[in-house]
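Asks: Sequence first, predicted coordinates after that:
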Amino acid sequence: MLRDAVRALAEAKIAPYAAAVDEEARFPQEALDALVAGDLHAVHVPEEFGGAGADALATVIVIEEVARVCASSSLIPAVNKLGSLPVILSGSEALKKKYMTPLAKGDGMFSYCLSEPDAGSDAAGMKTRAVRDGDSYVLNGVKRWITNAGESEFYTVMAVTDPTKRSKGISAFVVEKSDEGVSFGAPEKKLGIKGSPTREVYLDNVRIPADRMIGEEGTGFATAMKTLDHTRITIAAQALGIAQGALDYAKGYVRERKQFGKPIADFQGVQFMLADMAMKIEAARQLTYAAAAKSERGDSDLTFQGAAAKCFASDVAMEVTTDAVQLLGGYGYTRDYPVERMMRDAKITQIYEGTNQVQRIVMARNLP
C-alpha cells in the first residue's frame, strides 16, 4: 500500500517536473510541496514528535519510489533522515523535541555537514572549530558538498572541540540557517542531481547555545559514523530507484522500437541485456531491504551490510542506466529521453556518503 501510494504521488506530482528541474538546475519545489502534503518528506521522524514513525524499510521504499522518477527529489526524504538522525540517535530529549517537531511538520529540512575542502574520505581530518565560551560555542570553518544547503533550515555540523584528540575531539551541533554568521557558497555545477543544490556552508563566528550540542562533547565523530551505517541504506534505495526507472523506460522503448521488421525486444541480444539488468536490480533490492531490516533491529553486522548495500546498489545503478542509454541507441543520448539524466544521476551514488572504494574498506574491516 505504501509503495502504491508513493508511486502514484511520484508519477502525478514529481515526474512531470523532473526534466525541467534537471534542465534548469532548480530546486524541485513541486516535489517538496507534494511530499510534505503527503507526509512523505521525513517519514522516519518518530510519532511522538508528530512524525509518521516509519521504520527503515518503509523509509527505503519511499526514497526508492521517488528516485524512480526523479533522483534530485529523492534527496528530500533521504537527506532529511541523514541530517536529523544524529539528533535522534544521540540528542537530548529537549533537542529532539525542538528540531524533530518542525521537521515532521514540513517547516524546515535538515542537512548534514561533515565533509570539508580538505576532509572528504578522511572526515576525521576536519578543521572546523567549535570553541566553548560561557554558555555558548563559537563555530568557525567551511563545510563542502552539503546537500540542500541554503534550502534547509537546520544543519547537523561536526566540529573540532579538542584538536589534540583527532576523531575523539570532534563534537556535533545543530546550527540554524538563521544563526548570525551562517552563509552559503554558490551552487556547484554538477553532472547530475542538478535539482538538489550542493553548496559550501560558511561558519563565521557562529555563536550557538551550548545545549545545541548533540550528545556529549567528543562523541560527534562516533555519532556521524553510526548515522552513516543507517543512512547508507537510503543511498542504496536511491540507486535502486534510479536503476528501476531506467529499466522500466528501456523495457517500454524496446517493445515499441522496430528494426528489421520487428520490435527490437524480440532480439535475443536485447533480451539478455534486459534480463541482466532486471536480475542485478533484484539482487540489489534484496540486499538493500535486508540491510534496512538490520538497521531497524540494530543488528551487529549493520556496518558491513549497509556498506555492501550502498556499494552494490550504486554499482548496479551505474551499469543499468548505462545499458538503458545503449538500448535507446542515439535517442538514449539525447535529453528528449530520461535515461541520460538517470545515467548522470546514478554516478553520484557511487561517490557520496562514502565512495565505493571506502565502502570496500569498511566491508573488509567488518567482515561477518
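Replies: Sure thing, it's come through.
Asks: Only C-alpha atoms from now on, for both contacts and neighbour counts.
Replies: Noted.
Asks: Which residue in the protein shows the largest distance from the geometric centre?
Replies: The C-alpha centroid of the chain is most remote from Gly261, which lies 44.0 Å away (Cα atoms, centre = their mean).
Asks: how far away is that one from Phe267?
Replies: 11 Å (Cα to Cα, to the nearest Å).
Asks: what does Phe154 give?
Replies: Taking Cα to Cα, one finds Phe154 at 52 Å from Phe267.
Asks: List the buried residues for stretch 24-33?
Replies: The neighbour-count check on stretch 24-33 (16 or more other Cα atoms under 10 Å) flags 25, 27-28, 30-32 as buried.
Asks: Now do that stretch: distance from first to last residue.
Replies: 18 Å.
Asks: chain center to that stretch, what's the gap?
Replies: The chain centre lies 16 Å from the centre of stretch 24-33; the measure is Cα atoms, centre = their mean, to the nearest Å.
Asks: Could you list the residues in contact with it?
Replies: Stretch 24-33 is contacted from outside by 13-14, 17-18, 21, 41, 72-73, 76, 194-197, using Cα atoms under 8 Å, 6 or more residues apart in numbering.
Asks: at 6 Å instead, please
Replies: With Cα atoms under 6 Å, 6 or more residues apart in numbering as the test, stretch 24-33 has contacts from 14, 194-196.
Asks: Stretch 240-258 too?
Replies: Contacts for stretch 240-258 (Cα under 6 Å, 6+ apart): 64-65, 67-68, 263-265, 313, 317, 320-321, 324, 339.
Asks: cool, stretch 201-215 as well?
Replies: 90-91, 135-143, 172-174, 180-184.
Asks: Can you turn the buried subset of those residues into a selection I can paste into ChimeraX?
Replies: In ChimeraX, this line selects whichever of the contacts of stretch 201-215 come out buried by 16+ other Cα under 10 Å:
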select :90,91,136,137,138,139,140,141,142,143,172,173,174,182,183,184
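Asks: In strands, which of the contacts of stretch 201-215 appear?
Replies: Of the contacts of stretch 201-215, the ones assigned to strands by DSSP state E are 136-143, 172-174, 182-184.
Asks: how about TSV for these, with pLDDT and distance to Ser121 added?
Replies: Below are the ones in strands among the contacts of stretch 201-215 laid out as TSV (pLDDT from 0 to 100; distance: Cα to Cα, whole Å):
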residue	pLDDT	distance to Ser121
Ser136	98	30
Tyr137	98	26
Val138	98	26
Leu139	98	22
Asn140	98	21
Gly141	98	18
Val142	98	16
Lys143	98	14
Ala172	98	18
Phe173	98	21
Val174	98	22
Val182	98	24
Ser183	98	24
Phe184	98	22
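Asks: Would you map the strands across this protein?
Replies: 110-113, 129-133, 136-147, 154-160, 170-176, 182-184, 198-209, 213-214, 258-259, 262-263.
Asks: As JSON lines, those strands with distance to Ala104 would be great.
Replies: JSON lines is the format used below for the strands of the chain (distance: least, Cα to Cα, whole Å):
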{"stretch": "strand 110-113", "distance to Ala104": "11"}
{"stretch": "strand 129-133", "distance to Ala104": "28"}
{"stretch": "strand 136-147", "distance to Ala104": "19"}
{"stretch": "strand 154-160", "distance to Ala104": "13"}
{"stretch": "strand 170-176", "distance to Ala104": "16"}
{"stretch": "strand 182-184", "distance to Ala104": "24"}
{"stretch": "strand 198-209", "distance to Ala104": "23"}
{"stretch": "strand 213-214", "distance to Ala104": "19"}
{"stretch": "strand 258-259", "distance to Ala104": "49"}
{"stretch": "strand 262-263", "distance to Ala104": "48"}
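Asks: Let's see stretch 141-153 as CSV, backbone CA atoms only.
Replies: Below are the C-alpha coordinates for stretch 141-153, written out as CSV (Å, rounded to 0.1, in the frame of the first residue of the first chain):
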residue,chain,number,x,y,z
GLY,A,141,35.0,26.8,9.4
VAL,A,142,33.9,25.7,6.0
LYS,A,143,31.8,22.6,5.1
ARG,A,144,31.7,21.4,1.5
TRP,A,145,29.4,19.2,-0.7
ILE,A,146,26.4,20.0,1.6
THR,A,147,23.2,18.6,0.0
ASN,A,148,20.3,21.0,0.0
ALA,A,149,22.4,23.7,1.6
GLY,A,150,20.6,27.1,1.5
GLU,A,151,17.2,25.3,1.3
SER,A,152,17.4,23.5,4.6
GLU,A,153,16.6,25.4,7.9
